[in-house]
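1. A structural model of the following input is requested.
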Amino acid sequence: MFKSILLYSLQFVIGSVLFVNPVSAQDNSKEEKYNPEEALATIEEFKKQDPDIGKFFDTSYGYAVFPSIGKGAIGVGGAGGKGVVFRQDEAVGGSNMTQVTIGLQLGGQSYSEVIFFEDEKTYDNFINNKFQFAAQTSAVALKSGASANAKYMEGVLVFTLAKGGLMYEASIGGQKFKFVPFEE
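-> Numbers count the residues shown, from 1 in each chain. I've put the predicted structure just below:
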């Protein structure tokens, strides 16, 4: 019985996070689907939590803001969310993030994430869909003063801000992204 409960739970977690897309009208613009206003509100929340993070918004070549990423796991986990990509403070496109993890993990949570790109090369890799986090990549959990000593690693700096839930596991390894430009 335990195996069947575990199997059904696992199917639910993976299905709900990775394969369920919100229903939207055919005529919605990409900007509405990815919601730049929500991304701007998320940026303000990050700055409210740690005012020093503003220097990265001011000096990075670009950044991706994911207002809400949902994550769930029972041994095998999945996560997903939509974000907005900015280049020098201008929203240029949306991004879909997916993640699958295996290991000791249990629970569910939602969080916001900001990925800063230090230079044009790293930014270009992201918007050309040649970007994913390796298993060893880590993020800075945002709290007051957390950004003061944060440094780019391989041209990338990641901050997360917990929104709710409880999860025994906190990696961002294995995240994959798909960029969708607003103008084609």
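2. Does residue 46 belong to a helix, a strand or coil?
-> Here residue 46 takes the helix state, with states given by DSSP: H, G, I helix; E, B strand; the rest coil.
3. Model confidence score at it, please.
-> For residue 46, the pLDDT comes out at 93.
4. Surely residue 33 touches residue 82?
-> Yes: at 7.3 Å, residue 33 and residue 82 qualify as touching, with contact defined as CB atoms under 8 Å. All C-beta atoms are positioned from the backbone trio N, CA, C, and that covers glycine.
5. so what sits against both of those two?
-> Contact criterion CB atoms under 8 Å, 6 or more residues apart in numbering; residues shared by residue 33 and residue 82: residue 94.
6. Same drill for those two, tell me which one is more crowded.
-> residue 82 (20 against 14; other CB atoms under 10 Å).
7. which residues of the protein fall in helices?
-> Listed in chain order, the helices of the chain (DSSP state H) span residues 2-14, 30-34, 36-49, 54-59, 120-127.
8. in the fourth one, what counts as buried?
-> Judged by neighbour count (16 or more other CB atoms under 10 Å), helix 54-59 contains these buried residues: 56, 57.
9. can you list contacts of it?
-> Applying CB under 8 Å, 6+ apart, the external contacts of helix 54-59 come out as 43, 47, 63, 89, 116, 147, 150, 157.
10. Just the mean pLDDT for it, thanks.
-> Computed over helix 54-59, the mean pLDDT rounds to 95.
11. With just CA atoms, put it into CSV.
-> What follows is helix 54-59, C-alpha atoms only, in CSV (Å, rounded to 0.1, in the frame of the first residue of the first chain):
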residue,chain,number,x,y,z
GLY,A,54,19.8,47.0,-6.1
LYS,A,55,23.4,47.2,-7.2
PHE,A,56,23.0,44.0,-9.2
PHE,A,57,19.9,45.3,-10.9
ASP,A,58,21.9,48.5,-11.8
THR,A,59,25.1,46.9,-13.0
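12. low pLDDT regions in the chain?
-> 1-32, 133-140, 142-146, 148, 165-173, 184 (pLDDT under 70).
13. Tell me where it has strands.
-> Using DSSP state E, the strands of the chain run over 62-87, 90-117, 140-141, 156-167, 176-181.
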